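# Need coordinates for the below:
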Amino acid sequence: MHPLVRKAIKERFGRLNKLQLEAFGEISRGKSVLIIAPTGSGKTEAAVIPVFNEILEETLKPISALYIAPLKALNRDLLERLEWWGKRLGVKIEVRHGDTSAYRKAKQVKNPPHMLIITPETLGVILTVKSLRKHLANVKFVIIDEIAELVDNKRGAQLLLNLERLEEVASFRRIGMTATLGNEEEIREWIKADVIVRPGWKKSYRFHVLYPHPSGEDEKLARELNVSPEVAARLKTLWEIVEKHGRALIFTNTRQFAEILTHRLKAMGKPVEVHHGSLSKEARIRAEKALKEGKVKALVCTSSMELGIDIGDVDVVVQYMSPRQVNRLVQRAGRAGHRIGTTSEAYIIATNVEDYLQSLIIAKHALEGRFEAVEPVNGLDVLAHFIVGLLVEYKKLPLKKPYEIAKRAYVYRNLSWNDYEDVLGVLDEARIVGYDKENDLLYLRRGAFQYYYENLSTIPDEVAWRVFDAVRHRVVGKLDESFVTELEEGMEFVMGGRSWIVLKVDDDAKLIKVRESESLEGAIPSWEGEMIPVPFEISIDVGRLKRELAFDITRAFEMLKGVDFIKEDLERAFEEIKDWPVSTDRDIVVESTPKALIIHADFGNRTNEALGRIIHRLLSLRYGRVFSMKAHAHAIVLKTPFQMNPNEVREYLYRIPENFEAIIAESLREAPVFRWKMLNVAKRFGALRRDAKIRKVERLFGGSVIERETLNELYHDKVDLKRAGKVVSLLKEGSLRVKTVLNRKPSPMARLNITASGEFLMGGILERDEVLELFRRRLLDHEVILICTNCGWHSKTKVSRLRTINERSCPKCGSRMLAVAHPIDAQEFLSVLKKIKNGIPMESREERIYRKLLKAADLIDSYGFDAVLALASYGTGPETAARILSQYRGEALLIALMEREREFIRTRRFWVDGDKNRD
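So this is what the prediction gives:
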């Protein structure tokens, strides 16, 4: 070992640990290595110290090593960490990515560093930079950090192909790093490592799974925060954990929920900040610094904090809601006790019975080391970009050369010549690549350079659409383009903790006009696309746990041995479901309710997506397109226009054909997500420009290699064909039973799945009574102008304060001709009344305004508070109110007013351009 390296090691941590010693030995012997170890094991130093040592001992020329990290934030943190070593060893280290200045890039060409830290996408750039290519020939090491973040997506496929491009000019060893995962040997092959290096010790975890139940003192907090007592109990429990342990990371599964939770905690006066990938770099650094310096006690974060960003010591990790995967839980839990020999302390706070049982199983799997396999992926669109990249480097190449290079990469080892030719066909048609048959050469065409540099990233360029509240005339947020493809006028979605109805989708302005809706039934959550899919193995074991609970609760306790949970919590969870039919690892339950059919099935998101699409397709062929389908981890929900016979669906499940893949493919082609995926696949192929705006993209590429690639991407991301086939086989052989139940109201487990809803929004499906109560509350809270139509006296008030309107008179003139009006209507009426008193004739429009409020006053005089409710509801003016009031009273009146609102939204979406909402 070089003396400078030995000295730096002594200063940094005294001596190398066993993992670092083993990695040093293997790398120094000239081997490519995959380092698999938990967070806090010293993986980074295990990878870089032998590299630094060889740079010094062999006096390697720059650029000697590339360090590839999947996140820019990780690059920033790595640079600080690695610069410490660089300064002590005299090794120059630089970072380069899309945000690096032109000045800095030019400097790197003139005076290249020994180690260059880059993102996977940056490798595709520097391979084509002529002035850097001579330095890339010196590369002896490529270090790839956080491999698990790359294996199962097209970024990883692109990286492997670009490493093969680098192999054409340099001979280097590969060093990969990852946390523990379920298919280690396959990942070793993926990176082309000779050996796997693991630590000689096992990481220790302590998992506490909590299912807080509200007590009397939670009622007060619930009122203060305007949340349910159950939510208040969870928030109180969460902060008690932080207070008990000290510095904390609070993980959530989505960015939007991280924002909501932070808002709730700040409303409680707690010192917290939020940290996620949608925030600016400056905001993330501020949050990290605040935690490091003790200005806040916790960061509420998403997967942005799973990776090795340095935030100092963390005492505890709290996972709010199920982590949904073992790998996620272990990666997140490892941020606490971030040192060898310490036990990582992690809590999971569950929000409902399904969430709780799932969290218990995930914690158990984590303790047993049962990690999920990370499935490698390729992509023919990525192959297209690779071919063009090679031609940008070499200008002309023999026809077979790109094919031969590509097949060296693990995920393209089975690439067929037909697929290769299909890809070349798209590139030829797009006038990006040409083929000289006489000389058997591929060559670049005019559009090649623009295509290559526009598609360096496989991550779609998401255009943010503004969401415009047409009632309050303000922008309330933004939605990603991938989500907008699922929206149509009249649909509802959840954003910012509220439900919104789409009034108009303006493609040109990238604007969605909306109004708020209190009815959350059927609303699509805008966070759903981000949700981590629950694996098949976890869901099956949740089913087994439910079966054990029903059969013998002591066996259920035994099944969860090692997990820290409160016995009474599990007993209470079982009490919530024991009187209802529930799915298990051996039972599917088809539950039919008046408005939805729920297939309770413990097979995970992707398998249920496959089964749900088959059933949805078969039902649609019989009844038409009157159903909507949503797959969850433990249920498939079909919204139905009438109550289905559950036995019919039971028979469909038993008779799923063996060629069900064709049924799923047809179903996917009709889904909005297919359009979005195909648009991006077509752009990556070069068949469409990056800025193309085409809504009917499927018409252009149906039956082509672009459609085939779109389906393959969806199969990998959304639909598990293999495990769906396993379920179909179990059904046919009788190992899985299908039970049926006909209910007037949904069972507890059905309520959890039937309405897509987020925490802090609602606790399940809104029954009719609950919907009416929400609607009534909104009307009571609505602000109106109470106005005397005789003298013009007026006052702003809430509808709830006008219950005794029959007993009231004008405090100024004593008249009983009181009306309620929208502020704009009131202002216009006062102007007209002033004209009348001054003897000025009215115009026809002014006469309509005047008569409108007189009519409103007449209605209140005749119908009292019912008229106030009617006039306060959206879209109901005096004429419509008179018709409704003449027919309905009590609850029937509320239903009629609510239906009027819905009808108004459906038929008059463009009221926002004028005064059309008040007749």
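# what about the longest strand in this protein?
Determined from DSSP state E, the single longest strand within the chain is strand 498-506.
# Heading C-terminal from it, find the next helix or strand.
strand 511-517 (DSSP states H and E).
# Would you map the strands across the stretch 751-900 of the chain?
Along the stretch 751-900 of the chain, counting by DSSP state E, counting those that start in this stretch, strands occupy 783-788, 794-798, 818-821.
# looking at those, which is closest to residue 516?
Relative to residue 516, the nearest member of these by Cβ to Cβ is strand 783-788, separated by 14.4 Å. (Each C-beta comes from the backbone N, C-alpha and C, glycine too.)
# three-state assignment of residue 122?
For residue 122, the assignment made with DSSP: H, G, I helix; E, B strand; the rest coil gives helix.
# Grab the nearest non-local neighbour of it.
With Cβ to Cβ, 6 or more residues apart in numbering as the criterion, residue 122 has its nearest non-adjacent residue at 5.3 Å, and that residue is residue 97.
# same thing with residue 253?
residue 532 (5.7 Å).
# ditto for residue 161
Spatial nearest neighbour of residue 161, chain neighbours left out: residue 386 (4.2 Å); criterion: Cβ to Cβ, 6+ apart.
# Wait, a helix at that neighbour?
Yes - assessed with three-state DSSP, residue 386 lies in a helix.
# That one touches residue 406, doesn't it?
Yes - with contact defined as Cβ atoms under 8 Å, residue 386 reaches residue 406; the gap is 6.4 Å.
# Show me the common contact partners of the two, please.
Both residue 386 and residue 406 are contacted by residue 161, under the criterion Cβ atoms under 8 Å, 6 or more residues apart in numbering.
# Tell me how many other residues surround residue 798.
As a burial measure, residue 798 scores 13 neighbours (other Cβ atoms under 10 Å).
# Identify the residues contacting it.
780, 781, 782, 783, 784.
# Residue 361 now?
Residue 361 makes contact with 538, 541, 542, 545, according to Cβ under 8 Å, 6+ apart.
# Please identify which of those residues is nearest to residue 578.
Using Cβ to Cβ, these come closest to residue 578 at residue 545, 13.3 Å.
# Please, which helix or strand holds the closest one?
Assigned by DSSP H and E, residue 545 belongs to helix 536-551.
# picking that back up, just name the closest of the contacts of residue 798 to residue 62, please.
Once Cβ to Cβ is applied, the member of those that ends up nearest residue 62 is residue 781, at 67.0 Å.
# Skipping its backbone neighbours, what lies nearest that closest one in space?
Excluding its sequence neighbours, the residue lying closest to residue 781 (Cβ to Cβ, 6+ apart) is residue 798, at 6.3 Å.
# any idea how far residue 868 is from the one you found?
11 Å (Cβ to Cβ, to the nearest Å).
# between those two, what contacts are shared?
The contact sets of residue 798 and residue 868 overlap at residue 784 (Cβ under 8 Å, 6+ apart).
# coming back round to it: can you name the residues bridging to the residue nearest to residue 781?
residue 783 (DSSP bridges).
# Flag the shaky bits of the stretch 1-150 of the chain, pLDDT-wise.
For the stretch 1-150 of the chain, residues meeting the criterion pLDDT under 70 lie at 72-77, 98.
# so where do the strands sit in it?
Going by DSSP E, counting those that start in this stretch, the stretch 1-150 of the chain shows strands at 33-36, 65-68, 93-96, 115-118, 141-144.
# all helices for the stretch 201-350 of the chain, in order.
Assignment of helices within the stretch 201-350 of the chain using DSSP state H, counting those that start in this stretch yields the ranges 216-225, 229-245, 255-267, 281-292, 326-333.
# between the ones you listed, which one is nearest to residue 313?
Among the helices of the stretch 201-350 of the chain, helix 281-292 comes nearest to residue 313, with 9.4 Å by Cβ to Cβ.
# and residue 912, what pLDDT?
Model confidence at residue 912, given as pLDDT, is 36.
# Could you do residue 636 as well?
In this prediction, residue 636 carries a pLDDT score of 93.
# okay, now it: neighbour count?
Residues lying near residue 636 (other Cβ under 10 Å) number 28.
# element containing it, please.
strand 635-639.
# Heading C-terminal from that strand, find the next helix or strand.
Using DSSP H and E, the helix or strand that follows strand 635-639 towards the C-terminus is helix 646-654.
# mean confidence for that following helix?
Per-residue pLDDT values over helix 646-654 give a mean of 93.
# Alpha carbons of it, as CSV, please.
Only the C-alpha atoms of helix 646-654 are listed here, as CSV (Å, rounded to 0.1, in the frame of the first residue of the first chain):
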residue,chain,number,x,y,z
PRO,A,646,-70.2,-12.1,-8.2
ASN,A,647,-70.6,-15.7,-9.4
GLU,A,648,-70.2,-14.5,-13.0
VAL,A,649,-66.8,-13.0,-12.1
ARG,A,650,-66.0,-16.2,-10.2
GLU,A,651,-66.5,-18.2,-13.4
TYR,A,652,-64.3,-15.8,-15.4
LEU,A,653,-61.5,-16.3,-12.9
TYR,A,654,-61.7,-20.1,-13.2
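# What helices and strands are in contact with the helix or strand following it?
Of the helices and strands lying after helix 646-654 in sequence (DSSP H and E), the nearest is helix 660-669. Here helix 660-669 touches helix 605-623, helix 705-717, helix 721-733, going by 3 or more Cβ pairs under 8 Å, 6 or more residues apart in numbering; DSSP states H and E.
# Now with 10 Å, please.
Contact partners of helix 660-669 among helices and strands, from 3 or more Cβ pairs under 10 Å, 6 or more residues apart in numbering; DSSP states H and E: helix 605-623, helix 672-685, helix 705-717, helix 721-733.
# Now the first one: buried residues?
In this case it means helix 605-623. 605-619 (16 or more other Cβ atoms under 10 Å).
# Need the CA coordinates for it. PDB is fine.
Only the C-alpha atoms of helix 605-623 are listed here, as PDB (Å, rounded to 0.1, in the frame of the first residue of the first chain):
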ATOM      1  CA  ASN A 605     -49.800  -4.700  -7.600                       C
ATOM      2  CA  ARG A 606     -48.300  -6.000 -10.800                       C
ATOM      3  CA  THR A 607     -50.000  -9.400 -10.700                       C
ATOM      4  CA  ASN A 608     -53.300  -7.900  -9.700                       C
ATOM      5  CA  GLU A 609     -52.900  -5.400 -12.600                       C
ATOM      6  CA  ALA A 610     -52.600  -8.400 -15.000                       C
ATOM      7  CA  LEU A 611     -55.600 -10.300 -13.500                       C
ATOM      8  CA  GLY A 612     -57.700  -7.100 -13.300                       C
ATOM      9  CA  ARG A 613     -57.100  -6.300 -17.000                       C
ATOM     10  CA  ILE A 614     -58.200  -9.800 -18.000                       C
ATOM     11  CA  ILE A 615     -61.500  -9.600 -16.000                       C
ATOM     12  CA  HIS A 616     -62.100  -6.000 -17.100                       C
ATOM     13  CA  ARG A 617     -61.700  -7.000 -20.800                       C
ATOM     14  CA  LEU A 618     -64.000 -10.000 -20.500                       C
ATOM     15  CA  LEU A 619     -66.700  -7.900 -18.800                       C
ATOM     16  CA  SER A 620     -66.400  -5.100 -21.300                       C
ATOM     17  CA  LEU A 621     -66.800  -7.600 -24.200                       C
ATOM     18  CA  ARG A 622     -70.100  -8.600 -22.700                       C
ATOM     19  CA  TYR A 623     -71.500  -5.400 -21.300                       C
END
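# Which other helices and strands does it contact?
The contact analysis (3+ Cβ pairs under 10 Å, 6+ apart) places helix 605-623 against helix 536-551, strand 596-600, strand 628-631, strand 635-639, helix 646-654, helix 660-669, helix 705-717, helix 721-733.
# what mean pLDDT would you report for it?
91.
# for the second one, same thing?
pLDDT averaged over helix 672-685 equals 85, rounded to a whole number.
# Taking helix 660-669 as reference, get the angle to it.
For helix 672-685 against helix 660-669, the angle by axes from the mean of the first three to the mean of the last three Cα atoms, to 10 degrees is 90 degrees.
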